[in-house]
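Enquirer: quick check, what structure comes out for this input:
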Amino acid sequence: SHGPCTGFPRTLGQAEALDRICELDLVISLNIPFETLKDRLSARWVHPGSGRVYNMDFNPPHVQGVDDLTGEPLVQREDDRPEAVAARLRKYKDAAKPVIELYKSRGILHSFSGTETNKIWPYVYTLLSSKIPPLLSDEEN
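Expert: Below you'll find the model as predicted:
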């Protein structure tokens with residue numbers, strides 16, 4: 001199951017494996033408040049019969065708590081319940097902390113904080129634009 005923490009690398013072991021195949025020059029860390037992540041993850045509900053997924057914030061069912069097509073009740077997966085989500089986030093944070101420290105010590109970590117992607121993205125875009133030279137066609141070189 002891919003949660004919002006699909007970032008890579010997530011553990012020190014993964015970071016070391018990545019080091020063996022490429023040299024990173026830029027690492028982006030998005031700091032989203034714990035409560036925001038918990039609310040977002042907990043907003044996911046599923047129709048068990050079909051596997052249709054609803055999100056109460058982004059694509060809610062027409063009638064709260066029931067599947068649009070069958071009218072059958074929606075359920076929340078065990079690992080999407082708020083207390084399970086909180087435990088998952090804590091575990092993720094513990095594993096990711098040394099990874100963040102590693103990249104910070106190398107001077108390649110850039111952190112962005114916020115609760116909404118569309119507000120954070122312009123800053124990330126500006127950073128990336130400053131690091132990646134614009135592509136020039138042959139005539140311009």
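Enquirer: what's the burial count for the closest residue to Thr115 other than its chain neighbours?
Expert: What sits nearest to Thr115 in space, not counting adjacent residues and going by C-beta to C-beta, 6 or more residues apart in numbering, is Thr36, at 4.7 Å. (C-beta placed from N, C-alpha, C; glycine too.) By other C-beta atoms under 10 Å, 13 other residues sit near Thr36.
Enquirer: next, count neighbours for Arg40.
Expert: Neighbour count of Arg40, defined by other C-beta under 10 Å: 18.
Enquirer: next, work out how far apart it and Val75 are.
Expert: 18 Å (C-beta to C-beta, to the nearest Å).
Enquirer: next, the residue nearest to Thr115: secondary structure please.
Expert: helix (DSSP: H, G, I helix; E, B strand; the rest coil).
Enquirer: what of Trp45?
Expert: Assigned state for Trp45: strand (three-state reduction, three-state DSSP).
Enquirer: quick one, what contacts the nearest residue to it once chain neighbours are set aside?
Expert: Distance criterion C-beta to C-beta, 6+ apart; nearest residue to Trp45, sequence neighbours excluded, is Leu74 at 4.2 Å. By C-beta atoms under 8 Å, 6 or more residues apart in numbering, the contact set of Leu74 is Trp45, Val46, His47, Tyr54, Pro61, Gly65, Val66, Asp67.
Enquirer: give me that answer again for 6 Å
Expert: With contacts defined as C-beta atoms under 6 Å, 6 or more residues apart in numbering, Leu74 is in contact with Trp45, His47, Gly65.
Enquirer: so how far is Pro60 from the nearest residue to the second one once chain neighbours are set aside?
Expert: Taking C-beta to C-beta, 6+ apart, and ignoring the residues beside it in sequence, His47 has Asp67 as its nearest neighbour in space, at 4.0 Å. If you measure Asp67 against Pro60 using C-beta to C-beta, the figure is 12 Å.
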